[in-house]
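Trainee: Predicted model, plus sequence, below.
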Amino acid sequence: MTADALSAIAALAVDTHHQAKLWPILAGLPVAGVDGTLSTSYGRFTTAPASCAVGKVDAKTGTLSDVSALAGAAKGADGRWKSFAFVENGTAPTATVTQGLDGLAATVEGCW
């Protein structure tokens with residue numbers, strides 16, 4: 001799946017026209033630094049500047065041998081929901097790649 005397709009799916013979950021039906025999808029995603037594959041026990045959202053987004057980003061990770069992805073939604077500093085998808089191809093998943101994806105999500109949220 002492309003990053004554009006992943007972002008479009010996440011956008012549907014926060015679109016006010018579809019929110020009543022699709023909100024459970026967003027509510028079921030891991031929360032940055034709190035639970036699931038985004039919890040601090042996985043080393044996610046633990047370092048500055050991404051740590052400012054703890055509890056403020058709902059997303060799903062995806063990892064293959066040479067691909068890392070993070071897609072979801074965050075309520076921006078302006079109060080509006082924003083969807084995003086970031087896919088890093090051709091690099092083995094490492095802490096540096098993971099922290100970079102987390103930093104991008106924090107940027108979407110608006111705290112970095």
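Mentor: Perfect, thanks for sending it.
Trainee: Where does the residue sitting furthest away from the middle of the chain fall, secondary structure wise?
Mentor: Within the chain, the residue lying farthest from the chain centre (Cα atoms, centre = their mean) is His17, at 21.8 Å. His17 is part of no helix or strand when elements are defined by DSSP states H and E.
Trainee: Now do the phi/psi pair for it.
Mentor: phi -70, psi -30 (degrees, to the nearest 10).
Trainee: ok, the closest residue to Val57 other than its chain neighbours - contacts?
Mentor: Distance criterion Cβ to Cβ, 6 or more residues apart in numbering; nearest residue to Val57, sequence neighbours excluded, is Ala32 at 3.8 Å. (C-beta placed from N, C-alpha, C; glycine too.) Counting by Cβ atoms under 8 Å, 6 or more residues apart in numbering, Ala32 makes contact with 38, 44-45, 50, 53-59, 102, 105.
Trainee: ok, now with 6 Å
Mentor: Leu38, Phe45, Ala53, Val54, Val57 (Cβ atoms under 6 Å, 6 or more residues apart in numbering).
Trainee: What score does the closest residue to the first one other than its chain neighbours have for pLDDT?
Mentor: Spatial nearest neighbour of Leu38, excluding adjacent residues (Cβ to Cβ, 6+ apart): Pro30 at 4.2 Å. Per-residue confidence for Pro30 comes out at a pLDDT of 95.
Trainee: Tell me the spacing between Pro30 and His17.
Mentor: Separation of Pro30 from His17 (Cβ to Cβ, to the nearest Å) stands at 25 Å.
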